[in-house]
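Colleague: pasting a predicted model and its sequence here:
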Amino acid sequence: MKHTHPFFNLIIITLVVFGTSVIAQFVGILLASLAVGKDFVEVTNILLEKSNIFPQQREILWIVQAFSLLGGLGGGAFLYQSWVARSRFSELSPNTKIDASALLWVVAIFFFTLPLIAQVMQWNKEINFGIFDKSIRQTEAELELLTQKLTQMHHFGDFLIVLLVIAVIPAFSEEFLFRGLVQNEFLRWFKNPHLAVWVTGAVFSAMHFQFLGFFPRMILGALLGYVYVWSGNILYPMLGHFVNNGVQVLALYLAQENLVSEEISKDDYQFPVLVTALFGVLLAVSLYFFYKKQKQILHSN
């Protein structure tokens with residue numbers, strides 16, 4: 001919809017994704033009820049239950065989460081692009097050339113950013129939200145409990161499932177929607193890539209409804225946005241998103257297997273000062289060489 005105002009397009013995207021998310025949630029619960037042999041209402045009650053008395057709660061969460069993200073966000077983005085905007089997924093990647101060294105730089109960027117994000121996360125958690133502080137922290141505690149249930153891994157097979165649900169599906173669905181559609185609309189609207197990247201990063205973070213992690217998630221969203229702007233290919237931010245989430249899942253799995261300290265698996269784990277400084281330098285180097293590489297590729301096309 002290149003002939004309509006971006007603000008109008010963003011409203012349509014929001015409505016479409018809201019509709020597909022409702023449908024995907026319903027389908028996910030229905031499929032989960034079939035998978036565990038319980039009726040729809042019973043599965044819904046299990047999802048709302050805050051205790052751990054249901055042995056199949058983890059599996060139900062896996063199914064519902066996967067379909068909510070893939071069908072709701074990814075499906076909504078696909079529906080809007082193909083039926084409303086009448087365009088193709090390939091149009092999100094005007095630069096079709098995938099460079100192996102650039103892929104490695106993306107992996108490096110989102111690995112070396114870990115100490116920075118952890119530091120910002122700790123600072124964000126210390127913010128007092130005034131009259132909303134108690135309710136925000138209570139909601140965050142409930143979401144953290146939900147995440148703990150979702151990421152319980154007893155063997156390597158569980159690790160692969162959680163990696164799919166937490167890293168693979170979100171990397172595709174969220175980047176398709178936020179960087180591929182939303183950021184491009186903001187770019188058309190503002191005519192300024194920096195403003196488009198940061199506004200999209202803020203929207204991306206706000207849509208997670210986890211305000212104790214708003215700023216680190218916004219920074220991650222901005223990094224993903226710059227990777228997309230510099231590369232012109234949606235696959236690069238998808239890879240970066242996967243690396244960020246995948247490292248977290250791996251850390252949780254290793255901690256649950258007692259191979260690393262449980263502290264390392266926490267999102268606000270504070271790295272040693274020298275490690276943080278070294279990773280900061282390596283992050284800057286990775287960003288520079290990725291930008292330089294993509295500039296060379298785009299100029300050669």
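Modeller: All right, it came through fine.
Colleague: point out where the stretch 101-250 of the chain drops to low pLDDT.
Modeller: By pLDDT under 70, the stretch 101-250 of the chain has no low-scoring segment.
Colleague: quick one: the strands in it?
Modeller: Along the stretch 101-250 of the chain, no segments are classed as strands by DSSP state E, counting those that start in this stretch.
Colleague: quick one, what contacts the spatially closest residue to residue 246 that is not a sequence neighbour?
Modeller: Distances taken as Cβ to Cβ, 6 or more residues apart in numbering place residue 167 nearest to residue 246, at 4.2 Å, with adjacent residues excluded. Using the backbone N, CA and C atoms, a C-beta is placed for each residue, glycine as well. For residue 167, the contacting residues are 241-242, 245-246, 249, by Cβ atoms under 8 Å, 6 or more residues apart in numbering.
Colleague: kindly report the same for residue 56.
Modeller: 36, 38, 46 are the contacts of residue 56 under Cβ under 8 Å, 6+ apart.
Colleague: could you turn the buried ones of these into a ChimeraX selection?
Modeller: Command for ChimeraX that selects the buried part of these, burial taken from 16 or more other Cβ atoms under 10 Å:
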select :36,38,46
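Colleague: and the contacts of residue 56, which is closest to residue 9?
Modeller: residue 46 (38.2 Å; Cβ to Cβ).
Colleague: what helix or strand is that closest one on?
Modeller: Element membership for residue 46, per DSSP states H and E: helix 40-48.
Colleague: give the other helices and strands that that helix contacts.
Modeller: helix 6-36, helix 57-67 (3 or more Cβ pairs under 8 Å, 6 or more residues apart in numbering; DSSP states H and E).
Colleague: which residues does stretch 228-235 contact?
Modeller: Contacts for stretch 228-235 (Cβ under 8 Å, 6+ apart): 89, 92-98, 102, 175-176, 179-180, 183, 187, 193, 196-197, 236-237, 290-291, 294-295, 298.
Colleague: sorry, back to before: is it possible to export the contacts of residue 56 to a markdown table including pLDDT?
Modeller: Output for the contacts of residue 56, formatted as a markdown table (pLDDT from 0 to 100):
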| residue | pLDDT |
| --- | --- |
| 36 | 87 |
| 38 | 86 |
| 46 | 80 |
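Colleague: now render the contacts of residue 56 as CSV, adding distance to residue 255.
Modeller: Shown next, in CSV, are the contacts of residue 56 (distance: Cβ to Cβ, whole Å):
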residue, distance to residue 255
36, 27
38, 31
46, 26
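Colleague: any idea how far the residue positioned nearest the centre of the chain lies from residue 72?
Modeller: Centroid-nearest residue in the chain, with Cα atoms, centre = their mean: residue 170, separated by 5.2 Å. According to Cβ to Cβ, to the nearest Å, residue 170 and residue 72 sit 11 Å apart.
Colleague: just residue 225 next, same as before
Modeller: From residue 225 to residue 72 the distance is 21 Å (Cβ to Cβ).
Colleague: and what of residue 262?
Modeller: 32 Å.
Colleague: name the residue in these two with the higher neighbour count.
Modeller: Counted by other Cβ atoms under 10 Å, residue 262 and residue 72 do not tie: residue 72 has more neighbours, with 23 against 13.
Colleague: domain ranges for this structure?
Modeller: The chain breaks down by automatic domain parsing into domains covering 1-87, 94-300.
Colleague: now do the helices in the chain.
Modeller: Remark: helices assigned in the chain by DSSP state H are 6-36, 40-48, 57-67, 75-79, 100-112, 114-125, 133-150, 156-163, 169-174, 184-190, 193-206, 214-231, 235-256, 273-300.
Colleague: could you count how many residues lie near the residue nearest to residue 75 when sequence neighbours are not counted?
Modeller: Closest residue to residue 75 apart from its sequence neighbours, by Cβ to Cβ, 6+ apart: residue 20 at 4.7 Å. Look at residue 20: counted by other Cβ under 10 Å, it has 21 neighbours.
Colleague: quick one: contacts for residue 20?
Modeller: 71-73, 75-76, 79.
Colleague: those into CSV, with extra columns for pLDDT?
Modeller: Output for these, formatted as CSV (pLDDT from 0 to 100):
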residue, pLDDT
71, 96
72, 96
73, 97
75, 97
76, 97
79, 97
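Colleague: out of the residues you listed, who's nearest residue 268?
Modeller: residue 73 (25.9 Å).
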